[in-house]
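Colleague: need coordinates for the below:
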Amino acid sequence: AVLAGDIVGANALDFDAFEKGEVEKDVEKCNPKLDPKCIPKLSDDEALCQYGGSGQKRGEACRRVKQAGGTLPEVKKEKSLGGAYAM
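Modeller: Numbering: from 1, shown residues only. Next up is the predicted model:
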């Protein structure tokens, strides 16, 4: 009975290693144009520019991204709700 328990534990470790390898392969082959769930790898400046809060550091990061030829995040214009919500 002890031997059977050891085999089950070894299989679980093998499955974890297999799963980790599959996830790494999927991340490497990721194409954001084909797969909307794909998360592109961003540099520190790209991440700060896209997801950071407004401020001087974010502005500097966006300038560096633009100078390097990268794309800046798009500004989304949303309609105002107006009426009582506009107060």
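Colleague: what's around Ala61, how many residues?
Modeller: Per other CB atoms under 10 Å, the neighbour tally for Ala61 reads 20. For the C-beta atoms, the positions are set from N, CA and C on the backbone; glycine is no exception.
Colleague: what's the average pLDDT for stretch 29-39?
Modeller: The average of the pLDDT scores along stretch 29-39 is 74.
Colleague: straight-line length of that stretch, end to end?
Modeller: With CA to CA, to the nearest Å as the measure, stretch 29-39 spans 11 Å from end to end.
Colleague: likewise stretch 33-45?
Modeller: OK, stretch 33-45 end separation, CA to CA: 22 Å.
Colleague: so how far is it from its chain's centroid?
Modeller: From the chain centre to the centre of stretch 33-45 is a distance of 6 Å (CA atoms, centre = their mean, to the nearest Å).
Colleague: what about the protein, any weak spots by pLDDT?
Modeller: 1-13, 40, 75-77, 80-87 (pLDDT under 70).
Colleague: rerun at 80
Modeller: Within the chain, the segments meeting pLDDT under 80 span 1-15, 23, 26-41, 70-87.
Colleague: quick one, helices of this protein?
Modeller: With DSSP state H as the criterion, the chain has helices at 2-28, 44-51, 56-67.
Colleague: and the residue nearest the centre of the chain, what does it touch?
Modeller: Closest residue to the average C-alpha location of the chain: Ile39 at 4.1 Å, with CA atoms, centre = their mean. Contacts for Ile39 (CB atoms under 8 Å, 6 or more residues apart in numbering) come out as 27, 30, 32.
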